[in-house]
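using only what follows, build the 3D model:
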Amino acid sequence: MTDPRPRPDAPSTDLPPRLTRLTFHGPLSEARADRMVGRLAGTAPRTVLDIGCGWGELMLRVLAAVPGATGTGLDLNADDLARGRRSAERRGLADRVAFLEESAQDTSRGPADLVLCVGSSQALGPVEPPRHLPRALASLRRLVGDGGRVLLGEGFWQRTPTAAELSGMWPGARADDHPDLATLLDLAVAAGFRPEWTETASPDEWEEFESAYRADAEVWLAGHGDHPLAAETRERLDRHRARWMSYRGVLGLAYLTLVPVR
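This next block holds a predicted model:
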């Protein structure tokens with residue numbers, strides 16, 4: 001007999017779905033993720049700490065690739081954490097990972113052999129740009145053990161944005177919200193790291209991410225124009241699309257594999 005209950009990750013057909021088409025919460029392709037996991041697993045980490053983990057997809061893949069390794073994910077979004085726990089359960093990893101609803105700022109956890117901080121450095125310090133980056137990098141140096149690795153996913157300007165572009169981005173966007181890539185690398189070195197690997201998200205990865213971020217809700221909206229949440233959903237989607245068009249080709253995301261200097 002068919003089980004009539006929805007799957008744990010199945011969206012309600014009466015509400016706008018949330019991020020169900022995203023595998024990673026960022027512009028990251030399967031091919032790049034496979035390479036990253038292989039490179040990081042090659043360091044044989046015993047402990048993994050994921051800062052701002054969301055549902056922890058990359059952390060779970062590392063744990064699957066390194067038998068016996070354990071992981072801890074920190075985030076404040078209960079829905080994402082619940083999704084991560086369900087994913088860990090399905091993969092047989094639930095006994096090796098903890099998804100914790102807690103702040104990473106001034107956390108006493110660590111040091112870990114591998115620290116993941118992908119798109120979430122703001123969780124480690126004051127959010128006011130650009131001052132949070134040195135503090136975040138100092139925190140990452142404290143959280144990683146000697147001989148370990150940090151995978152930092154961090155925004156950078158591919159070129160200096162114009163005033164018109166900034167006005168269309170997030171509220172209060174400024175030219176010093178992000179460094180350029182060379183400055184980002186210099187900041188990492190100044191914090192006590194050497195960059196083992198430097199790579200940046202491609203235009204295809206950005207388009208895949210931004211489209212998948214909105215796709216389910218866009219389809220829902222097309223079929224639910226009279227729903228009580230339709231106006232709110234339309235405004236949110238239109239605002240997000242307009243912001244994306246303003247930072248498209250201007251904002252980059254670097255993936256830095258960092259080795260702590262002893």
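
next, the buried residues of the strand ranked longest in the chain.
Longest strand in the chain, counting residues (DSSP state E): strand 144-157. Neighbour counts over strand 144-157 (16 or more other CB atoms under 10 Å) mark 144-145, 148-157 as buried. Bear in mind the C-beta positions are built from the backbone N, C-alpha and C, glycine included.

with stretch 218-238 instead?
220-221, 224, 233, 237.

those in helices, which ones?
Members of the buried residues of stretch 218-238 lying in helices (criterion: DSSP state H): 220-221, 233, 237.

any idea which of those is closest to A164?
Nearest to A164 among these is L237, at 22.1 Å by CB to CB.

do a quick rundown of the helices in the stretch 101-250 of the chain.
132-143, 163-167, 181-190, 203-223, 230-247 (DSSP state H, counting those that start in this stretch).

what's in contact with the longest one?
It stands for helix 203-223. Residues outside helix 203-223 that contact it (CB atoms under 8 Å, 6 or more residues apart in numbering): 11, 15-22, 24, 26-29, 32, 201, 230, 233-234, 236-237, 240-241, 244, 248-249, 253.

cutoff 7 Å now
11, 16-17, 19-22, 26-29, 230, 233-234, 237, 240-241, 244 (CB atoms under 7 Å, 6 or more residues apart in numbering).

relative to helix 181-190, how tilted is the lowest-mean-pLDDT helix or strand in the chain?
When each helix and strand of the chain is scored by mean pLDDT, DSSP states H and E, helix 132-143 comes last, with a mean of 93. Angle between the axes of helix 132-143 and helix 181-190 is 40 degrees (criterion: axes from the mean of the first three to the mean of the last three CA atoms, to 10 degrees).

next helix or strand past the helix or strand that contains L58?
In the assignment (DSSP states H and E), L58 maps to helix 57-65. Sequence order places strand 70-75 as the next helix or strand after helix 57-65, per DSSP H and E.

so which elements touch that following strand?
For strand 70-75, the elements it packs on are strand 47-51, helix 57-65, strand 97-101, judged by 3 or more CB pairs under 7 Å, 6 or more residues apart in numbering; DSSP states H and E.

so which pair among the buried residues of strand 144-157 is furthest apart in space?
Pairwise over those, using CB to CB, the maximum falls at G145 and W157, 32.0 Å.

hmm, back to that, just send the helices and strands packed on strand 70-75 back as JSON lines, with mean neighbour count, mean pLDDT and distance to V261 too.
Output for those, formatted as JSON lines (neighbours: other CB atoms under 10 Å; pLDDT from 0 to 100; distance: least, CB to CB, whole Å):
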{"stretch": "strand 47-51", "mean neighbour count": "26", "mean pLDDT": "98", "distance to V261": "19"}
{"stretch": "helix 57-65", "mean neighbour count": "22", "mean pLDDT": "98", "distance to V261": "23"}
{"stretch": "strand 97-101", "mean neighbour count": "19", "mean pLDDT": "97", "distance to V261": "29"}
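
how about TSV for these, with distance to E165 added?
Shown next, in TSV, are the helices and strands packed on strand 70-75 (distance: least, CB to CB, whole Å):
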stretch	distance to E165
strand 47-51	29
helix 57-65	30
strand 97-101	36
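
what's around T257, how many residues?
Counted with other CB atoms under 10 Å, residues neighbouring T257 total 20.

ok, residues contacting the least confident helix or strand of the chain?
Contact partners of helix 132-143, identified using CB under 7 Å, 6+ apart, comprise 49, 110-112, 115, 117, 121-122, 124-126, 150, 152, 187-188, 191-193, 260.

so where's the stretch 101-250 of the chain shaky on pLDDT?
126-131 (pLDDT under 70).

distance between stretch 37-56 and the chain's centre?
On the basis of CA atoms, centre = their mean, to the nearest Å, stretch 37-56 sits 13 Å off its chain's mean C-alpha point.

give me the buried subset of the contacts of helix 132-143.
49, 110, 112, 115, 117, 121-122, 124-125, 150, 152, 187-188, 191-193, 260.

out of the residues you listed, list just those in strands.
Judged by DSSP E, these include 49, 112, 115, 117, 150, 152, 193, 260 as members of strands.

distance to R61 for these - can I get that in CSV?
Shown next, in CSV, are those (distance: CB to CB, whole Å):
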residue, distance to R61
L49, 15
A112, 16
V115, 16
C117, 16
V150, 17
L152, 17
F193, 23
P260, 23
